[in-house]
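> Sequence and computational prediction follow.
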Amino acid sequence: MAASRKPAHSRTSPVRKKTTLRKAGPARQKTTVRKASEKRWSQRVTRESNALDLEQGVFKLTDPKKIAASLKHSAERSSRRKAGAYRSALSMLTFYINRAGKTLPKFQRERLERAKTELKRQFGRE
């Protein structure tokens, strides 16, 4: 005799359906007000980095050599950094590029990418 088997997906208890419906209402707006420093945490990291004390406006400079020189100077002077001077300077530059994302204008991104190459050259890491 063949024993009848229940399919593996069958349930022993009846399926319950939700009977309460949500009313469609206007979309909720956030009511909390944030300070600019809380909203832009990456700006605070750049300004108050534990590794480097950066020159004011270093990433706005127009010459990639000056950007690299400033980062190198800041990294070599810092006594709080946990990695080597080259690694700290390059990390800060990469962090700025990555956090700016799509809002960074193309010409400025290219300038900062050239500053990376210049930083490598100034540290003798070509």
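All right, it came through fine. This one's a predicted model, so the numbers in the text were calculated from it and none came from an experiment.

> use CA for all of it now, contacts and neighbours both
OK.

> who touches the strand or helix carrying Thr117?
Thr117 belongs to helix 106-122 when assigned by DSSP states H and E. With CA atoms under 8 Å, 6 or more residues apart in numbering as the test, helix 106-122 has contacts from 59, 62-65, 67-69, 72, 86, 90, 93, 97, 126.

> how about a cut-off of 10 Å?
59-72, 86-87, 89-91, 93-94, 96-98, 100-104, 124-126 (CA atoms under 10 Å, 6 or more residues apart in numbering).

> what do you get for stretch 60-75?
In contact with stretch 60-75 (CA under 10 Å, 6+ apart) are residues 51-55, 57-59, 76-77, 81, 83-90, 92-93, 108, 110-123.

> Go again with 6 Å.
The contact list for stretch 60-75, computed with CA atoms under 6 Å, 6 or more residues apart in numbering, reads 52, 54, 58, 85, 89, 111, 114-115, 119.

> Next: stretch 83-91.
71, 75-76.

> Now rank these by neighbours and give me the top one.
Leu71 (27 neighbours; other CA atoms under 10 Å).

> How is that residue assigned, secondary-structure-wise?
helix (DSSP: H, G, I helix; E, B strand; the rest coil).

> so what's it scoring on pLDDT?
Note for Leu71: predicted pLDDT of 92.

> and the gap between it and Lys102?
Between Leu71 and Lys102 the distance is 23 Å, computed by CA to CA, to the nearest Å.

> same thing with Ser88?
Distance, Ser88 to Lys102, using CA to CA: 24 Å.

> mind listing the strands for the protein?
Applying DSSP state E to the chain gives no strands.

> in it, which ranges drop under the pLDDT threshold?
1-39, 42, 45-51 (pLDDT under 70).
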